[in-house]
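Undergrad: Sequence below, structure please.
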Amino acid sequence: MCSETEKRSRNNMTPTDKKNLLINEIKKYKRVAVAFSGGVDSTFLLKMCIDALGSSNVLALTADCSAFPKRELDETHRLCAEMGVTHLNIKINQLRIDGFVKNTPLRCYYCKRELMSRLIKAAQQRGFNTVFEGSNADDDNDYRPGMRAVKELGVLSPLKKAELTKFEIRRLSKALGLSTYSKPSLACLATRIEYDEEITAQKLKMTDRAEQVLCDLGLTQVRVRMNDNSARIEVPFDEMKIVFDNAKYINDALKKIGYDFVSLDLEGYKTGKMNININN
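TA: Below you'll find the predicted structure:
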């Protein structure tokens, strides 16, 4: 825990100061494995680990599972190849995790505990006893029961410890020339399904296909929420015109995928929207 003096001092730190703090933290460990999703945060963290320790002392681990979009899995391969780091996919069947399938508000805890346990085992088998994950300082602002599992398993969150925010990570990523600096925020496909509705392979596949339809139209930040087989589309306000201009195509495409009704959320995209009632 940081003292109040340390907290005040860090509030005055620049992103570069925090980056240096992060590098010093990473250097405390000789070899590290990074839970890698290919998103803004984990890509930046992986790059920092490579710079601090050398690629031979870093291992990237990706959980290849039902709720991880295939387009993102392909992206993890590309990014690791670019950075010259060893990358392993760990195949995990989330639909065998009872707490995940039941989709209670603790879904993320049960899922994260299983996924991280498997990543830790894979890392240790290859001589990597320290595992990092990419949560940042902003992640404390939402309901994230998965962080409990992270702490219980001893997985470290160095971006959070350095108090780096998403905005700062994007800024530093751009300076480093990382293509992910402007990448939209990612989230497990299960976050699109209303709590207490059972999660099935079909629902996850429908969500993935529906969001791909919208991404192919040029939309950047997309969520297709599911409730009672209805699709509720969330996009930023400045991209709603794309949805309106392609309304018939989108409606037909999503109904062909299997949705009964298709609507647009006029509040626009907002992270953690499924957690509103929990947070309140």
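Undergrad: Next, count neighbours for the nearest residue to residue 136 once chain neighbours are set aside.
TA: For residue 136, ignoring the flanking residues on the chain, the nearest one in space by Cβ to Cβ, 6 or more residues apart in numbering is residue 159 at 4.6 Å. Using the backbone N, CA and C atoms, a C-beta is placed for each residue, glycine as well. By other Cβ atoms under 10 Å, 28 other residues sit near residue 159.
Undergrad: Give me the pLDDT for residue 159.
TA: Note on residue 159: pLDDT of 97.
Undergrad: so what's it up against?
TA: Contact partners of residue 159, counting by Cβ atoms under 8 Å, 6 or more residues apart in numbering, are 22, 41, 44-45, 134-137, 169.
Undergrad: rerun that using 6 Å as the cut-off
TA: 45, 134, 136 (Cβ atoms under 6 Å, 6 or more residues apart in numbering).
Undergrad: Now the first one: closest residue in space that isn't a chain neighbour?
TA: So the one you mean is residue 45. Here the residue nearest residue 45, using Cβ to Cβ, 6+ apart, is residue 134, at 4.8 Å.
Undergrad: tell me the contacts of that neighbour?
TA: 41-42, 45, 159.
Undergrad: For those residues, give me a markdown table that also has distance to residue 242.
TA: Below are those laid out as a markdown table (distance: Cβ to Cβ, whole Å):
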| residue | distance to residue 242 |
| --- | --- |
| 41 | 27 |
| 42 | 28 |
| 45 | 32 |
| 159 | 32 |
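Undergrad: which among those gets closest to residue 233?
TA: residue 41 (25.2 Å; Cβ to Cβ).
Undergrad: and that closest one, that's in a helix?
TA: Yes. Counting by DSSP: H, G, I helix; E, B strand; the rest coil, residue 41 is found in a helix.
Undergrad: Just to check, it is in contact with residue 136?
TA: Yes. The pair residue 41 and residue 136 qualifies as a contact (Cβ atoms under 6 Å) at a distance of 5.4 Å.
Undergrad: Those two: which is more packed in?
TA: Shown here are residue 41 and residue 136; by other Cβ under 10 Å, residue 41 has more neighbours (26 against 22).
Undergrad: what about the strands in this protein?
TA: 32-35, 58-64, 86-91, 131-132, 223-227, 230-234, 261-264 (DSSP state E).
Undergrad: and those strands, which is most packed in?
TA: strand 32-35 (a mean of 26; mean count of other Cβ atoms under 10 Å).
Undergrad: list the helices and strands that strand packs on?
TA: Strand 32-35 sits against helix 40-53, strand 58-64, strand 131-132, with contacts defined as 3 or more Cβ pairs under 6 Å, 6 or more residues apart in numbering; DSSP states H and E.
Undergrad: As JSON lines, the ones you listed with mean pLDDT and distance to residue 232 would be great.
TA: Listed next are the helices and strands packed on strand 32-35 as JSON lines, based on pLDDT from 0 to 100; distance: least, Cβ to Cβ, whole Å:
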{"stretch": "helix 40-53", "mean pLDDT": "98", "distance to residue 232": "25"}
{"stretch": "strand 58-64", "mean pLDDT": "96", "distance to residue 232": "27"}
{"stretch": "strand 131-132", "mean pLDDT": "98", "distance to residue 232": "35"}
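Undergrad: Among these, which comes closest to residue 114?
TA: strand 58-64 (9.3 Å).
Undergrad: With just CA atoms, put the closest one into PDB.
TA: Output of strand 58-64 as PDB, limited to C-alpha atoms (Å, rounded to 0.1, in the frame of the first residue of the first chain):
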ATOM      1  CA  VAL A  58       9.500 -12.700 -21.500                       C
ATOM      2  CA  LEU A  59       6.700 -15.000 -22.300                       C
ATOM      3  CA  ALA A  60       3.300 -13.900 -23.800                       C
ATOM      4  CA  LEU A  61       0.400 -16.100 -22.800                       C
ATOM      5  CA  THR A  62      -3.100 -15.800 -24.400                       C
ATOM      6  CA  ALA A  63      -6.200 -17.600 -23.200                       C
ATOM      7  CA  ASP A  64      -7.700 -19.000 -26.300                       C
END
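Undergrad: Good, we can wrap up now.
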